[in-house]
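**Q** pasting a predicted model and its sequence here:
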Amino acid sequence: MRVMSDDELRHREAMWVRHGALQIRRYAEAFPDADDAERQRVRMAVLYAWMRDRCPVAVQFVANYVATAATALGMAGVAATGGAVAALFAAHTGTPGGAPWWLFPAATWAAVCLGSLFVVRDDVRQVVAVFRRLGTRGALRRLTQPQIAYWFVPATLCVTAVVAAAASWLTLVTALAAPTGQQMITAAAGLFGATLGLQAARWVGGVERLLHRRLRRVGRAHPLDAVLVELMAATSACSRGRARWWDPRTVRTRLAVATAAAGDITAVRRRTSVTELAARHRARRLHTALAELVRRHDRALIQVRTAGEYDAVTASQHAGVLALVAGDAEALMRHSAGEPPTSRTARLLRRTASSLVLAAFALAVPLLPGVDRATGAGVRILLLMTAALALTPADGSASGSVRSALERSLFTKNTP
């Protein structure tokens, strides 16, 4: 079984290269003050960087299919684990005539599927439009093709929708007959599953990026090729968005991609051995500082108050692109010493430290002497839900309302 025929792959490869060249030509229009020679130099430098950094179409298809399958398996494992934990909590409540143990994994998985479908709703609309245009016979011919590319995406969406409908129906029917306490645990499991499903696109994208790094030709890409291409795209988006400078969401999306590209040192790892720790450390410091510099532009866009401030951010991005094209690292990092670069591990620890402490207390408090079973289970649920709320961007009033509702529902029955 093949992804696609050779002729179709060559056609798509040529179309993709042509589309990339046209896109980079449009990016070069972000330099209206440059003369034709300089604009041509920037355009060719970005085009060569894109050609070196790109992955073939066949690799993109395979990476997407593997990433989708890996994400589905990973989310199924996480959903099953979350459902099993919820089932253990429900068993510790000691409620007579409780719901079956499979209710909580089913609720979690149903919410995961629904959240995933919500994330890819644009793809669902495109697939439906394609099948409407093809008609019944054309759709059947497409789905029965031996090439995976013709049926993988619609089949995946169809299976996800069927599983979501079946699991949701089974969860609702069973949960309505369950006690009130277990209904709340089911709702908590569903909330966890929905939060997990909304991250499906990020999971797929992360696995795809990992596979792209592994499947690129060794030594083909230069260390700063990816950040040059993505920073050029962000600069173009910033110039095109001048008329709506107060709404920089599109530019910030491109800057987020550029930040991730700036922090990637895969090309340096491929050029060095595991014993060259000093060279890798220097490259990591440079890329971390560059990522922080791009991230600082994103923060500046959040705080712009006038069109002049927006133009200053655009001009800074222009200077960064020209420095990358010229290979002038000193000019590129001229303003990077104002803030020390923060590693991804440190940012992750800062964000999750409070949740990890709460989760540890949730495991330890019910085991303390003098804490009865029902109270320990209630404390554990409250602490775990508080730990989950600490990871969300909700404000303090919303988190406090949820915690108060949990306290009333978990501890009212123990109040004399």
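**A** Sure thing, it's come through. No experiment lies behind these values; they were computed from the predicted model shown.
**Q** from what I see, Thr235 and Ala315 are in contact.
**A** No - if you go by CB atoms under 8 Å, Thr235 and Ala315 don't touch, sitting 9.8 Å apart. Backbone N, C-alpha and C define where each C-beta goes, glycine included.
**Q** who has more neighbours, the two?
**A** Thr235 (29 against 13; other CB atoms under 10 Å).
**Q** residues in contact with the more buried one?
**A** Neighbouring residues of Thr235 by CB atoms under 8 Å, 6 or more residues apart in numbering: 27, 30, 314, 317-318, 320-321.
**Q** in JSON lines: those residues, plus pLDDT and secondary structure.
**A** Listed next are these as JSON lines, based on pLDDT from 0 to 100; DSSP: H, G, I helix; E, B strand; the rest coil:
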{"residue": "Tyr27", "pLDDT": "90", "secondary structure": "helix"}
{"residue": "Ala30", "pLDDT": "82", "secondary structure": "helix"}
{"residue": "Thr314", "pLDDT": "91", "secondary structure": "helix"}
{"residue": "Gln317", "pLDDT": "90", "secondary structure": "helix"}
{"residue": "His318", "pLDDT": "89", "secondary structure": "helix"}
{"residue": "Gly320", "pLDDT": "89", "secondary structure": "helix"}
{"residue": "Val321", "pLDDT": "90", "secondary structure": "helix"}
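**Q** of those residues, closest to Ala283?
**A** Gly320 (18.5 Å; CB to CB).
**Q** burial of the closest one, as a residue count?
**A** 26.
**Q** if I look at it, how far off is Gly263?
**A** 15 Å (CB to CB, to the nearest Å).
**Q** likewise Ala312?
**A** 24 Å.
**Q** output the below-cut-off pLDDT ranges for the stretch 1-150 of the chain.
**A** 1-4, 92-98 (pLDDT under 70).
**Q** please redo it, this time with the cut-off set to 50
**A** Along the stretch 1-150 of the chain, segments meeting pLDDT under 50 span 1.
**Q** mind listing the helices for it?
**A** Along the stretch 1-150 of the chain, the segments classed as helices by DSSP state H, counting those that start in this stretch run 6-27, 36-53, 57-92, 103-119, 121-143, 148-176.
**Q** comparing the ones you listed, which comes out most buried?
**A** Of all the helices of the stretch 1-150 of the chain, helix 103-119 has the most neighbours on average by mean count of other CB atoms under 10 Å, namely a mean of 25.
**Q** care to break this protein down by domain?
**A** 6-55+216-332, 60-204, 354-414 (automatic domain parsing).
**Q** what would these look like in CSV with distance to Leu348?
**A** Listed next are the domains of the chain as CSV, based on distance: least, CB to CB, whole Å:
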stretch, distance to Leu348
domain 6-55+216-332, 13
domain 60-204, 14
domain 354-414, 11
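**Q** wait, which of those is closest to Leu210?
**A** Evaluated with CB to CB, these place domain 60-204 nearest to Leu210, the distance being 8.3 Å.
**Q** ends of the closest one, how far apart?
**A** Taking CA to CA, to the nearest Å, the first and last residues of domain 60-204 lie 12 Å apart.
**Q** the chain should start at 481 in everything you say after this.
**A** With 481 as the first residue, the last one maps to domain 540-684.
**Q** ok, now how distant is Ala799 from Leu735?
**A** Counting by CB to CB - Ala799 and Leu735 are separated by 15 Å.
**Q** more neighbours: which of those two?
**A** With neighbours defined as other CB under 10 Å, Ala799 and Leu735 compare such that Leu735 has more, 29 against 16.
**Q** residue contacts, that one?
**A** Contacts of Leu735 by CB under 8 Å, 6+ apart are 714, 774-775, 777-778, 781.
**Q** now do 10 Å
**A** Listed by CB atoms under 10 Å, 6 or more residues apart in numbering, the contact set of Leu735 reads 710-711, 713-715, 717-718, 728, 742, 774-781, 793, 797.
**Q** try Leu802
**A** Contacts of Leu802 by CB under 10 Å, 6+ apart are 511, 514, 518, 521-522, 525, 715, 808, 811-812.
**Q** just Gly595 next, same as before
**A** 555, 644, 670, 673-680.
**Q** how near is it to Phe672?
**A** Gly595 is 10 Å from Phe672, where distance means CB to CB.
**Q** same check, this time on Asp808
**A** 49 Å.
**Q** likewise Ala579?
**A** 17 Å.
**Q** same thing with Ala701?
**A** The gap separating Ala701 from Phe672 is 39 Å, by CB to CB.
**Q** which of the two has more residues huddled nearby?
**A** Between Ala701 and Phe672, counted using other CB under 10 Å, the more crowded position is Phe672 (24 against 20).
**Q** contact partners for that one?
**A** Phe672 neighbours (CB under 10 Å, 6+ apart): 558-559, 562-563, 565-566, 584, 587-588, 591-592, 864-865, 868.
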